[in-house]
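In: Predicted model follows, preceded by the sequence.
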Amino acid sequence: MGELKAEKLFGNPDKLKYIEHLLSDIEALEEMLKKDMFEKSPIRIGAEQELCLVNESWEPSNKAMEVLKSLDNAHFTNELALYNLEINMDPIPLEGNCFSKAYQQLKDLLDKVDTAAEKQGLKIILTGILPTIGMKHLSQSYLTPVKRYKELNEILQEIRKNNIELHIKGVDEVNLHHDTILFEGCNTSFQSHLQIAAENFMEMYNWSQAIAGPILSICANSPILLGKELWEETRIALFTQSIDTRRSTFLLNERESRVGFGNGWATGTIVDFFKESIIHFRSLLTSSFDTNSLEELQKGNVPKLKALNLHNGTIYKWNRPCYGTTNGKPHIRIECRYIPSGPSIEDEIANMMLWVGVMKGMPKEYRNIHKKMNFKDAKSNFFNAARYGTAAQFHWNQKLISSHDLLLDYFLPWAFKGLYSMNVDSKDAEHYLSIIENRIKTMNGSRWTIKAYRKLKETHSTSDALKNLVATMYDRQQKGYTIDIWKLPKGDEYVKDIEQKKAGDLMNTKIVTAQESDSAELVLKMMQWKNIHHVPVLDDNNDLTGLLTWTDVQYYANVSKKSEKEIQHIMKKELVTITTGTNIKEAKKLMKFNKINCLPVVNGKKLVGIITSNDF
């Protein structure tokens, strides 16, 4: 859980004080490592559950603060967006039936959120990216009113000197600019933590990097953003771009993104890793510091390294090393950040078990992985998994091997071996790893989501398809089914009377448009060829300025002399428009009153959709 009481470092009069504490933290960490102060046993596991809150229409809700207030429990905290919350689970020793205990604790905590959300008329959804998030949910009004998030948003804008650029291409494509970091809030994860021996940091961290791609491929759960099919795990691209401090220039930018996989194997100690982090990433936030870490250590106390943790908390490695204390003893752990939330609680615990098991089951022949595997193969594997999920092929042990074969023939046996080496109950191991095995043989969350969405799109508008999709997810999650046995939606999971719908629910976003300077004859022919009755007309700034109708087509098609005019000379310029929030009943009235059959849907001057009488 990040430090919420933080403020901008840039221009802060206490900046030098922060730097002093950051350097003191590094010295203290180095001293603790020399003195072998880090806890070696018991080895603990832990997790953070991020979740989405939705309203009765299965869209993101902005009532997270009300739900959090009702919970009034230290296990729960804010997230960046007002439709997200985070659960911080208690650490559990890695032994016996620890995963069943983790499942029960997570279920109990989610039940508490469920009860609190229900009082607000809300439901909770576990998924990597909530499919019904739209552009209206990415405005400043949905930013959680906590100083840390406001400051972070302002800092990134100041550094970039420009809006955030989002460009993700998969089956479909999203390409836009945005003025907040709220696209980060679209990402919800199930972040697993594993405590490691500090002296083995380099080997364990590099192993976590090597295994990331294959594990991500079977856990992928987030293929849809803004109604578009993108990567199998779109979170990987979305999170990277949504909080990127770099900006596009005419010069080659060699700096690393704050969200990333890294550019090479880790070398040296955990102290060296954090030193590199300070060198390559400027600090963004500061906070109040009561004590000096080095002085605390000299007094015989274990310091919290508050400045270092604050810095580390704004660098989002997919495998992130963390420093912490438990019962007054310092420890090092690795946080696995790339696994998404959902599809069910059991799926999440199974994902966690697979990762922990493979981490602990590293075969002897893979020790010193940095000498046996090219780092760029590990990085390539990770991004192939994010793009293609279980369809990915991986560079492994000098061979090209499918996700299916690598997971079944290698990773699952290693996971069993690693869990048994930690005396994890065989019943627990067999139960949760069988979930992974069944998923390998059937489908992961991404493939189910894509199949379900495509089926719904055959008979529903995009908006209704997404809402039915989320309603189906909720139903399956509530029943506790694992993803390998989820059935596809019927299409009646979300039914709403037409009069209650908004323009955004019904509008068509795939629109043929024309420019003012286009040839009238060509555009009229295009309308005839495609049997299009309405064509919005845009100016050079892509602002809506006119509308060409079928009436225009009929008139000009019947004149004997071919028209040589530009569209701007024959289009209708006095337009009746609506917004995505306009009620359908009101839209009908406008059409009837104005004796028209088409309403452009706009955001300011920009065209976002169109509704015609046929859509009703």
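Out: Arrived safely.
In: Pick out the residue nearest the middle of this structure.
Out: Geometric centre of the chain, nearest residue: residue 187, 2.1 Å, by C-alpha atoms, centre = their mean.
In: right, and that residue touches residue 237 too?
Out: No. At 10.4 Å, residue 187 does not count as touching residue 237 under the criterion of C-beta atoms under 8 Å. In this view, the C-beta of every residue, glycine as well, is placed from N, C-alpha and C.
In: what does stretch 572-586 contact?
Out: Outside stretch 572-586, the residues that touch it by C-beta atoms under 8 Å, 6 or more residues apart in numbering are 134, 136, 498-507, 544-549, 552, 587, 590, 594, 596, 599-603, 608-609, 611, 616.
In: So what would you say the end-to-end distance of it is?
Out: 22 Å (C-alpha to C-alpha, to the nearest Å).
In: sorry, back to before: out of the contacts of stretch 572-586, which are inside helices?
Out: Taking DSSP state H, the ones among those that sit in helices are 503-506, 552, 587, 590, 594.
In: want to try a markdown table for those residues, with neighbour count, pLDDT and distance to residue 317 as columns?
Out: Listed next are the ones in helices among the contacts of stretch 572-586 as a markdown table, based on neighbours: other C-beta atoms under 10 Å; pLDDT from 0 to 100; distance: C-beta to C-beta, whole Å:
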| residue | neighbour count | pLDDT | distance to residue 317 |
| --- | --- | --- | --- |
| 503 | 24 | 87 | 42 |
| 504 | 23 | 83 | 37 |
| 505 | 19 | 82 | 39 |
| 506 | 21 | 84 | 43 |
| 552 | 21 | 71 | 57 |
| 587 | 22 | 91 | 48 |
| 590 | 15 | 92 | 52 |
| 594 | 12 | 91 | 56 |
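In: Which single one of these is nearest to residue 60?
Out: Comparing those against residue 60 with C-beta to C-beta places residue 504 closest, at 13.3 Å.
In: and the nearest residue to that closest one once chain neighbours are set aside, what pLDDT?
Out: Ranked by C-beta to C-beta, 6 or more residues apart in numbering and with sequence neighbours excluded, the top spatial neighbour of residue 504 is residue 580, at 3.3 Å. According to the prediction, residue 580 has pLDDT 89.
In: Helix, strand or coil: sort out residue 580 for me.
Out: coil (DSSP: H, G, I helix; E, B strand; the rest coil).
In: Distance check, it against residue 611.
Out: 10 Å (C-beta to C-beta, to the nearest Å).
In: and what of residue 180?
Out: Computed as C-beta to C-beta, the residue 180 to residue 611 distance reads 28 Å.
In: higher neighbour count, those two?
Out: Each of residue 180 and residue 611 has its neighbours counted (other C-beta atoms under 10 Å); residue 611 has more, 26 against 21.
In: Which secondary structure element of the chain has the lowest mean pLDDT?
Out: Using mean pLDDT, DSSP states H and E, the weakest-scoring helix or strand in the chain turns out to be helix 550-558, at a mean of 68.
In: quick one, domains of this protein?
Out: 7-244+255-326+334-360+372-441, 445-498, 503-615 (automatic domain parsing).
In: give me the low-pLDDT residue ranges for the stretch 451-600 of the chain?
Out: 497-499, 553-554, 556-564 (pLDDT under 70).
In: what ranges do the strands span in it?
Out: Assigned by DSSP state E, counting those that start in this stretch, the stretch 451-600 of the chain shows strands spanning 514-515, 534-538, 544-549, 598-603.
In: among these, which is nearest residue 428?
Out: Nearest to residue 428, of all these, is strand 598-603, at 51.1 Å by C-beta to C-beta.
In: and the lengthiest strand in the chain, average pLDDT?
Out: In the chain, with assignment by DSSP state E, the single longest strand is strand 44-54. Averaged across strand 44-54, the pLDDT comes to 98.
In: buried set for that strand?
Out: Going by neighbour count (16 or more other C-beta atoms under 10 Å), the buried part of strand 44-54 is 44-54.
In: Next secondary structure after that strand?
Out: helix 64-71 (DSSP states H and E).
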